[in-house]
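Novice: can't give you the sequence, but here's the structure:
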Ligand code: UFG
């Protein structure tokens, strides 16, 4: 059984990837300082995987603690999620983002070099393509000036890996996610939203549970079918599975040096109003909404060309938007119940 370290393994995409690793016969080892998570995720993960799941409470910025913990384990590969991810917060507090996200990737790569671990998967984002109206977005699309410090940390992260692979035997993929939504089918893990959610689906589920009065739809005067923005919403379980396909391919590869990037999305665009309507239909809950001003920084349309991941990783997104929205609501309901009886 191969040991795979998952940094940020208690986070949204990380936790779902831990489950899929386990389902595919890998032994996931979690490293997370709970800065954007909570202990209950460990309990849920243990239920979905195994009671003796290893969870290392380590701040990735602390290289000594990283070294101390990781030298004790034989690790075959690393999937690196641990990073901050709020675009708005990164604009207001860029140093927090550069410090955590850049120090984090450098530290984990340095320890991997020291311990001779050569397989690395980096959690990147479609944000590296910046503001573009060229859809679908393929990997050949230029990586242009980042729209936020958060986006810049993803671009810099990719550059660091590329430079490392040019200098030594090291194998890595950057996976560029479009818009992950939904939750595990069990409803016991999902996207935790502290405070007012920035992303559409966590906001929607908080309108559905009555925490928020209504959803603000940011603009309906875009040049799209109904005037609202188009995004490529991908079920988080499909996204998590893609990591396993990528890892399988890296681990069997005999080549010494590999670096490549893959878009992960469905290849289909959905408007904000279409998403609201799908949520209402599948969960039988009415969502009150208002059309408000455009949100600054939003692009009109962003959806992926996923041909490369389909062909080279043999991975396909299989779950629907409806599956995702049903599971998102199941997760929100589970979480609310748990908070009530806490
Ligand atoms: N939206 C609303 N109301 C809300 C929240 C969002 O109308 O309350 C709309 C947005 O305007 C956008 C769509 O819903 O049209 C999706 O917005 P999200 O905030 O959920 O997602 P983004 O597409 O803005 O964010 C994604 C990734 C980020 C990445 C960013 C930029 O999740 O990690 O794209 O590439 F940085």
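Specialist: Received the coordinates, thanks. Bear in mind that the values here come from a model prediction, so they are computed numbers and not experimental data.
Novice: and the closest residue to residue 256 other than its chain neighbours, what does it touch?
Specialist: Closest residue to residue 256 apart from its sequence neighbours, by CB to CB, 6 or more residues apart in numbering: residue 169 at 3.9 Å. Every residue, glycine included, has its C-beta placed from N, CA and C. By CB atoms under 8 Å, 6 or more residues apart in numbering, the residues touching residue 169 are 118, 256, 257.
Novice: By neighbours, which of the residues you listed wins?
Specialist: residue 118 (21 neighbours; other CB atoms under 10 Å).
Novice: Give me the pLDDT for the residue of the stretch 151-300 of the chain found nearest the ligand.
Specialist: Going by CB to the nearest ligand atom, the ligand is nearest to residue 229 of the stretch 151-300 of the chain, at 3.0 Å. If you check residue 229, the pLDDT there is 96.
Novice: Go ahead and confirm it touches residue 299.
Specialist: Yes: with contact defined as CB atoms under 8 Å, residue 229 reaches residue 299; the gap is 7.3 Å.
Novice: Look at the two and report which has more neighbours.
Specialist: residue 229 (23 against 17).
Novice: show me what contacts that one?
Specialist: By CB under 8 Å, 6+ apart, the neighbours of residue 229 are 218, 219, 222, 271, 272, 298, 299, 300, 301.
Novice: Equivalent analysis for residue 75, please.
Specialist: Residues counted as contacts of residue 75 (CB under 8 Å, 6+ apart) are 3, 4, 5, 29, 115, 117.
Novice: ok, it to the ligand distance?
Specialist: For residue 75, the distance to the ligand (CB to the nearest ligand atom, to the nearest Å) stands at 27 Å.
Novice: Residue 293: how many residues sit nearby?
Specialist: 9.
Novice: and what of residue 224?
Specialist: For residue 224, using other CB under 10 Å, the count is 18.
Novice: Might one say that it is in contact with residue 230?
Specialist: Yes: here residue 224 lies in contact with residue 230, judged by CB under 8 Å, at a distance of 5.3 Å.
Novice: quick one: common contacting residues for those two?
Specialist: 271, 300, 301.
Novice: and residue 331, backbone torsions?
Specialist: For residue 331, the backbone dihedrals (degrees, to the nearest 10) come out as phi -70, psi -50.
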